[in-house]
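**Q** Provided below are the primary sequence and the corresponding predicted coordinates.
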Number of protein chains: 2
Amino acid sequence: MDTDRIAADAARAARPFAETEPRARAQALVAVADALDAASDELIAIATRETGLAQGRLVGEVRRTTNQLRLFAEVIVDGAYLDARIDAADPDYVIGPRPDVRRVLEPVGPVLNFAASNFPFAFSVAGGDSAAALAAGCPVVVKAHSGHPELSRRTAEVVTAALAAAGMPDGVFQLVEGQERGVALLRDDRIRAGAFTGSTHVGRLLADIAASRPRPIPFYGELGSVNPVYATTGAVAADPGLLQGFLGSVSGSAGQLCTKPGFLFVPADAELEPVADAAAAVPEHRLLNPGIGRAFEERRSAVLGAPGVTVLAEGAVRVDEADQRFATPTVVEVDVDTLLAHRDELLEESFGPLSILVRYDDADVLPELHRELFPGNLTSTVHANDLELADGRLADLVDALAETSGRVLFGGWPTGVSVTSAMQHGGPFPATTTDATSVGTAAITRFLRGVAYQGAPQSLLPPPLRDDNPWGVPQRRSDAGRSAGWGSLAGEY
Amino acid sequence: MDTDRIAADAARAARPFAETEPRARAQALVAVADALDAASDELIAIATRETGLAQGRLVGEVRRTTNQLRLFAEVIVDGAYLDARIDAADPDYVIGPRPDVRRVLEPVGPVLNFAASNFPFAFSVAGGDSAAALAAGCPVVVKAHSGHPELSRRTAEVVTAALAAAGMPDGVFQLVEGQERGVALLRDDRIRAGAFTGSTHVGRLLADIAASRPRPIPFYGELGSVNPVYATTGAVAADPGLLQGFLGSVSGSAGQLCTKPGFLFVPADAELEPVADAAAAVPEHRLLNPGIGRAFEERRSAVLGAPGVTVLAEGAVRVDEADQRFATPTVVEVDVDTLLAHRDELLEESFGPLSILVRYDDADVLPELHRELFPGNLTSTVHANDLELADGRLADLVDALAETSGRVLFGGWPTGVSVTSAMQHGGPFPATTTDATSVGTAAITRFLRGVAYQGAPQSLLPPPLRDDNPWGVPQRRSDAGRSAGWGSLAGEY
């Protein structure tokens, strides 16, 4: 298979790419962003046809994707991501004489990135995982998602050409298609890390392959999430638009978002009619591809067929002659006991415009209920009024959400993840296979490893560790004697 | 099995321990250090009997262990380890209006630490992994090594009492014995991370268990390493004591160190007699326990029996009536072709006082030879003279060492790992199961995960993310408008 050549090309590019100055890689990332922006009309036209996503959404997604590349350019120019540490030699160090030791984060080597179907730009060929890996200095092989093959090819052409024009080494960016090729590369010893966005089932399969290689590699999979939302009595009373806002988050992009709220907990006496009204106003939206459409139909039938489920908005799924599905929102209602009794049918993620309202009698049970039902999610959300937020009654619930989620929201909706330095898009399994984030600037650390240099001459140190600091990166220095006073800690603290 | 209760106790301690102020945890770590120092005479007496390690070595190891606890106290008081990030809300953010998002590193939950045999203090009950996990705010369950059971129990008593006296929650530190209990806990859903120091075989088995759980967890195993050393013609000529230094590193603690140099590459014409002389002067040293002794005997026989091997110092292994082995150093010599032809017999780690000298004709082949034979090591070392270090001829070799090792040394010997902020004790598999370090302050990050809070009221934020910053930790703030200028990056770079 040609994967041998692809892995060889990536491996050959690893060293020269690792040695590029961050400033040069930043320029290259900006060049990729500019090239994608310049090609956006053409790319969006292909994406519209291949994915059925709305024009406005795709325009925003390209903007997000290119600005994410620019954000990573900003991150690496600063050089703080290298975490350069310099411990000066110290003959009087408390543990014994200490040599000169310097540590920097270096790229892990070629990264294999399995693209997602639902974000044909932001989590696909030139998406966040590719941006983070390139920023870190790792060659990238993208396994294209079969849902948008033409877009994947054309995007890869734009990226590859821009990287080459910016002087980056050959082999630094490659595209492969087909599941077999993806798996063959994941098993290839020259691939040093994997990234993935998709279903829990496929993600787990791939994670297991990565873990069972003769030489295991880290595998950063973003899998499934149902993103529970808890609304208090006060929130429902204070915000008549709350349920409409919920429905907007459920039905946007036909609910095909990893942060779609799959569960909304409301007080038993909440008036839920507005949900049905809002659902009726949502026009049908194509699902991404026939496979996702069929899976959604099945999940929807399972939920609608579960005992004790009350239908608030039945919605519909229409099939066209090309086997594509078009859906309107389905919203059902259960009580806590029904949810507990039928968790097998109800708890699984529904990838599409479907959500479950859960009526609760007693807010005090929510923290333990959450810990039991939702051990790993990308997000969870609290809607409450100012008094409830201030008086401490929510502290235990917030603890439960923080223990089980990567991001805890207070008000608002989890969809529409912002790309910032403080973003965390990754939570306990099965939200992600590790606790690392795949969105935001902290995502770069996934593709870096620490290397220490002991007693090295200046000329053989990587630039970030040299005393003359040619790249001007932040260096954390521990000089001799600084920590020799540990003996006094007992008194000091 | 009682592991259910142990896991339950650890889980119950997780939240209150996570909420302790770093200053309080630091005080507790210092109290543990002080208590161990106070008990050191008693502990060292037990260790001497159970491990056969020399008194001087054990005294130094206790000192290292307690100062390591104090170092982690220092690390957490400062609070930089929390990596607190605050992105202010920004209606004009380039990707679209941005909410207030704040991110901090929180403890992962209960950590199971499999203790090592060869450092009964520094990598055992109160060793580096326990110190790092406690510093991070994670309850610790130590699986005692069977090689020093009485020391393990007594150490755990001292640690547990000191933590309790310092006000830490019940269940924050527990000891279990027996392989079955260790495996049962590793499979328990309430355990959220594993740490291990030991053999490649056992480490891989445990890593596979951790990866194949219904909910996989990170497993930080420090497995095997042969720590190759490359000596140039200039180094051998300049330093007549080089080979004695090598032998000291090979035979210290009877070679039972993960950083023992297993291979020393020397120019074909190097005079190797001094090694034989130095080896003859080394007194016999007990191996840690009968199991390790037997395994060393087998490895030694395999190496001595491999075709093409020339014996420089045959050494000996003596067995006493208690089935303990006592060894003197074994050093053999091969050429590069023999090493390549008999890699199955020769490449595996020999855990004991044995090392292999490799004669090379052509220094130019070393980088590729190293990449092929040594893809993952804790350390690798170059010995060269000043001219060779300065003139660039070693650049490719140093690249190869950095790609395959956690620490690259220039002169000196890899044993005697210093505990500093820049230390990296972890390298590509099989040196460690991940690229994380298990020594030095960066080790704390293994037991932390990012959690973001979006739009949170001040009263429900964790202290490190609050505007009034009650713990006084470093906060990285991105204010509104700061990054809105990405559009100009193309021009700026």
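**A** Thanks, I have it.
**Q** near chain B, which residues of the stretch 251-400 of chain A show up?
**A** Within the stretch 251-400 of chain A, the residues that sit near chain B (Cβ under 8 Å from any Cβ of the partner chain) are A:P375, A:G376, A:D386, A:L389, A:A390, A:G392, A:L394, A:A395, A:V398, A:D399. (Each C-beta comes from the backbone N, C-alpha and C, glycine too.)
**Q** The residue nearest the centre of chain A in helix, strand or coil?
**A** Geometric centre of chain A, nearest residue: A:S438, 3.5 Å, by Cα atoms, centre = their mean. Using DSSP: H, G, I helix; E, B strand; the rest coil as the criterion, the local structure at A:S438 reads coil.
**Q** measure it to B:A45 for me?
**A** 52 Å (Cβ to Cβ, to the nearest Å).
**Q** Go through stretch A:232-239 and flag the buried ones.
**A** A:T232, A:T233, A:G234, A:A235, A:V236 (16 or more other Cβ atoms under 10 Å in any protein chain shown).
**Q** ok, back up a step: please convert the buried members of the residues of the stretch 251-400 of chain A next to chain B into PyMOL selection syntax.
**A** Here is the PyMOL command that selects the buried residues among those (16+ other Cβ under 10 Å):
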select buried, chain A and resi 375+376+389+394+398+399
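**Q** Mind checking which of the residues of the stretch 251-400 of chain A next to chain B land in helices?
**A** Judged by DSSP state H, these include A:D386, A:L389, A:A390, A:A395, A:V398, A:D399 as members of helices.
**Q** can I get those residues in JSON lines with pLDDT?
**A** JSON lines is the format used below for those (pLDDT from 0 to 100):
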{"residue": "A:D386", "pLDDT": "93"}
{"residue": "A:L389", "pLDDT": "94"}
{"residue": "A:A390", "pLDDT": "93"}
{"residue": "A:A395", "pLDDT": "96"}
{"residue": "A:V398", "pLDDT": "98"}
{"residue": "A:D399", "pLDDT": "97"}
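**Q** If we only consider those residues, which is nearest to A:G455?
**A** Set against A:G455, the nearest of these by Cβ to Cβ is A:D399 (46.9 Å).
**Q** Isn't the closest one up against A:E368?
**A** No. With contacts counted by Cβ atoms under 8 Å, A:D399 stays clear of A:E368, the gap being 11.1 Å.
**Q** joint contacts of these two?
**A** When contacts are counted by Cβ atoms under 8 Å, 6 or more residues apart in numbering or on different chains, A:D399 and A:E368 have no shared neighbour.
**Q** got the contact list for the closest residue to A:A395 other than its chain neighbours?
**A** Spatial nearest neighbour of A:A395, chain neighbours left out: B:L460 (6.9 Å); criterion: Cβ to Cβ, 6 or more residues apart in numbering or on different chains. Residues near B:L460 by Cβ under 8 Å, 6+ apart: A:L389, A:L394, A:A395, A:V398, A:F410, B:Y453.
**Q** what comes up buried for the helix or strand harbouring A:A7?
**A** Using DSSP states H and E, A:A7 falls within helix A:3-18. Within helix A:3-18, the residues that count as buried by 16+ other Cβ under 10 Å are A:T3, A:I6, A:A7, A:D9, A:A10, A:A11, A:R12, A:A13, A:A14, A:R15, A:F17, A:A18.
**Q** swap in stretch A:289-299?
**A** Neighbour-count burial for stretch A:289-299 [16+ other Cβ under 10 Å]: A:N289, A:I292, A:G293, A:A295, A:F296, A:E297, A:R299.
**Q** Which residue is the nearest non-sequential neighbour of the last one?
**A** Beyond its immediate neighbours in the sequence, the residue positioned closest to A:R299 (Cβ to Cβ, 6+ apart) is A:S350, lying 4.3 Å away.
**Q** what's the neighbour count on A:D188?
**A** The burial count assigned to A:D188 is 21, neighbours taken as other Cβ atoms under 10 Å in any protein chain shown.
**Q** cool, the one 10 residues further on as well?
**A** A:G198 sits with 21 neighbouring residues when counted by other Cβ under 10 Å.
**Q** which residues does it contact?
**A** A:F114, A:A116, A:S117, A:G221, A:E222, A:L223.
**Q** Closest to chain B out of the residues you listed?
**A** A:G221 (10.2 Å; Cβ to the nearest Cβ).
**Q** and that closest one, what element?
**A** Going by DSSP H and E, A:G221 is part of strand A:219-222.
**Q** which helices and strands does that strand pack with?
**A** Other helices and strands packing on strand A:219-222, by 3 or more Cβ pairs under 8 Å, 6 or more residues apart in numbering or on different chains; DSSP states H and E, are strand A:193-197, helix A:200-212.
**Q** Just name the most buried of the ones you listed.
**A** strand A:193-197 (a mean of 27; mean count of other Cβ atoms under 10 Å in any protein chain shown).
**Q** Now look at it and say if it contacts chain B.
**A** No. Using Cβ under 8 Å from any Cβ, we find that strand A:193-197 stays clear of chain B, coming within 9.5 Å at best.
**Q** Report the inter-axis angle for that strand versus helix A:200-212.
**A** Between the axes of strand A:193-197 and helix A:200-212, defined by axes from the mean of the first three to the mean of the last three Cα atoms, to 10 degrees, the angle is 180 degrees.
**Q** which stretches of chain A have low pLDDT?
**A** A:1, A:481-493 (pLDDT under 70).
**Q** Give me the distance between the nearest residue to A:D100 once chain neighbours are set aside and A:V101.
**A** The shortest distance from A:D100 to any non-neighbouring residue, by Cβ to Cβ, 6+ apart, is to A:A89 (4.3 Å). Here A:A89 is placed at a distance of 8 Å from A:V101 (Cβ to Cβ).
**Q** Would you quantify the distance from whichever residue of the stretch 251-400 of chain A sits closest to chain B to B:A313?
**A** Scanning the stretch 251-400 of chain A for proximity to chain B using Cβ to the nearest Cβ identifies A:L389 as nearest, at 4.6 Å. According to Cβ to Cβ, A:L389 stands 73 Å off from B:A313.
**Q** Excluding covalently adjacent residues, which one is nearest to the residue of the stretch 201-350 of chain A found nearest chain B?
**A** Going by Cβ to the nearest Cβ, chain B is nearest to A:A211 of the stretch 201-350 of chain A, at 3.8 Å. Leaving aside its chain neighbours, A:A211 sits nearest to B:A211 (3.8 Å; criterion: Cβ to Cβ, 6+ apart).
**Q** Tell me who's in contact with the one you found.
**A** B:A211 touches A:A207, A:D208, A:A211, A:S212, A:P216, B:F219, counting by Cβ under 8 Å, 6+ apart.
**Q** got the residues you listed as JSON lines, with distance to A:A322 columns?
**A** Formatted as JSON lines, these follow (distance: Cβ to Cβ, whole Å):
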{"residue": "A:A207", "distance to A:A322": "33"}
{"residue": "A:D208", "distance to A:A322": "34"}
{"residue": "A:A211", "distance to A:A322": "38"}
{"residue": "A:S212", "distance to A:A322": "39"}
{"residue": "A:P216", "distance to A:A322": "41"}
{"residue": "B:F219", "distance to A:A322": "46"}
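**Q** Of these, which is the nearest to B:E50?
**A** B:F219 (27.0 Å).
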